[in-house]
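S.K.: Just to be clear, the model below is a prediction. Sequence and coordinates:
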Amino acid sequence: MKQNNMLAMILAGGRGSRLHDLTKKVAKPAVSYGGKYRIIDFPLSNCANSGIDVVGVLTQYESILLNSYVAAGRRWGLDAKDSGVYVLPPREKSDANLDVYRGTADAISQNIDFIDTYSPEYLLILSGDHIYKMNYAKMLAYHKECKADATIAVIEVPMREASRFGIMNTDDTGRIIEFEEKPEQPKSNLASMGIYIFNWKLLRKMLLADMKDPDSNHDFGKDIIPTMLNDGKNLYAYKFKGYWKDVGTIDSLWEANMDLLDKNNELDLNDSTWKIYTEDVTALPQYIGSEAVIDRAFITQGCVVDGEVKNSVLFTGAKVAAGAKVSNSVLMPDAEVAEGAVVTRALVADGIKIGKNAVVGSADSKNIELVAKRVKGDE
């Protein structure tokens, strides 16, 4: 069912600095995930599967690859008449004379003219850097049922972790009565997922007022949502049940990939009823050598394995030579592990080569080791 009265805007301009070298030249939403996907594939596929025709992708930092990738709307079936994926870079200058979005709300404000072109009744705003599957049509139905001015998707997190998130405190009906940004003493465990549905006419008025406020951060969490609560607007929490991962750090990106090894993983990338669409890369089938040892591994097309791979995820084109050992690790596209090398609890970046007999990572390390530069081995 087409959601012609709702337009989606994906906030894909984050710098992703906590992913270190992975985002030096590539925007965070364009980072590889799950063997053959990119992070941005998930919100875009969710939009396509939810019947949303028009999607704006708001890009900013290191966006050349991301811009060209999302411009091919055909990947997600969003290239038909009256539909499309549109790349929307910032247009306003910062103090350093750079084009920037000053905050999440400012990113929408700078694109009011684009949104008005489609005259939507509702605006769906999404983060472009989370891994999950969600039917936005069901969230819109809940929004209408509640006669809400805004609906915010939330997920229950362990109370011990709640202080890391924006927390929604609700009454018995699900109406939001208070929003706390990373509270030291959280009152609930309903964490905002960064997914919002707004009535567009109301939000438009608020954005225009926010643009004129010199003291505003121009941010949904810090400004728009608190203002709506103070004004007595109807805000409701939409409780999401399912897999959701904020892949903002090396450890969380590694964890999200390793989750794919779990047979009971809720994400289920093989679900034909909710397909995650991506670039169709031409690659040979995977090749597993006669002497290779494979134990609990996620191995994608184009991989060549002659060594030992245990509890690991190998992306398209990854290679593990004879005598090499890879365990509890993620090898991103075209990463290579040479003969005799040992890789443990590591995430090896795209195209990185680990030399002969080199040792990377440790089973005892607290954090996952990111390998983003070539590791020399025996010559």
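M.R.: It's in. Please read these numbers as outputs of a predicted model, since none were measured by experiment. Numbering: from 1, shown residues only.

S.K.: quick one, phi psi at residue 203?
M.R.: phi -60, psi -40 (degrees, to the nearest 10).

S.K.: What's the first helix or strand after the helix or strand of the chain with the lowest mean pLDDT?
M.R.: In the chain, no helix or strand scores lower on mean pLDDT, DSSP states H and E than helix 64-70, which sits at a mean of 82. The C-terminal neighbour of helix 64-70 among helices and strands, as given by DSSP states H and E, is strand 84-87.

S.K.: Tell me which stretches of the stretch 101-250 of the chain form strands.
M.R.: Assigned by DSSP state E, counting those that start in this stretch, the stretch 101-250 of the chain shows strands spanning 122-127, 130-132, 150-156, 166-170, 176-181, 190-199, 235-239, 244-246.

S.K.: Tabulate those (a markdown table), appending mean pLDDT and distance to residue 339.
M.R.: Every C-beta, even on glycine, is put in place using the N, C-alpha and C of the backbone. Listed next are the strands of the stretch 101-250 of the chain as a markdown table, based on pLDDT from 0 to 100; distance: least, C-beta to C-beta, whole Å:
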| stretch | mean pLDDT | distance to residue 339 |
| --- | --- | --- |
| strand 122-127 | 97 | 42 |
| strand 130-132 | 96 | 34 |
| strand 150-156 | 97 | 44 |
| strand 166-170 | 95 | 49 |
| strand 176-181 | 94 | 51 |
| strand 190-199 | 96 | 44 |
| strand 235-239 | 98 | 51 |
| strand 244-246 | 92 | 34 |
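
S.K.: about what we covered before: give me the buried positions along the least confident helix or strand of the chain.
M.R.: Neighbour-count burial for helix 64-70 flags 66-67, 69-70 (criterion: 16 or more other C-beta atoms under 10 Å).

S.K.: How far does stretch 225-237 sit from its chain's centre?
M.R.: Taking the mean of its C-alpha atoms, stretch 225-237 sits 26 Å from the chain's own mean (C-alpha atoms, centre = their mean, to the nearest Å).

S.K.: List the buried residues in it.
M.R.: 225-226, 228, 233, 235-237.

S.K.: picking up where we left off before, export the strands of the stretch 101-250 of the chain to JSON lines and tack on distance to residue 88?
M.R.: Below are the strands of the stretch 101-250 of the chain laid out as JSON lines (distance: least, C-beta to C-beta, whole Å):
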{"stretch": "strand 122-127", "distance to residue 88": "13"}
{"stretch": "strand 130-132", "distance to residue 88": "19"}
{"stretch": "strand 150-156", "distance to residue 88": "22"}
{"stretch": "strand 166-170", "distance to residue 88": "24"}
{"stretch": "strand 176-181", "distance to residue 88": "26"}
{"stretch": "strand 190-199", "distance to residue 88": "17"}
{"stretch": "strand 235-239", "distance to residue 88": "25"}
{"stretch": "strand 244-246", "distance to residue 88": "23"}
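
S.K.: So which of those strands is nearest residue 272?
M.R.: In terms of C-beta to C-beta, the element of those nearest to residue 272 is strand 130-132, at 18.0 Å.

S.K.: I appreciate the help and will end here.
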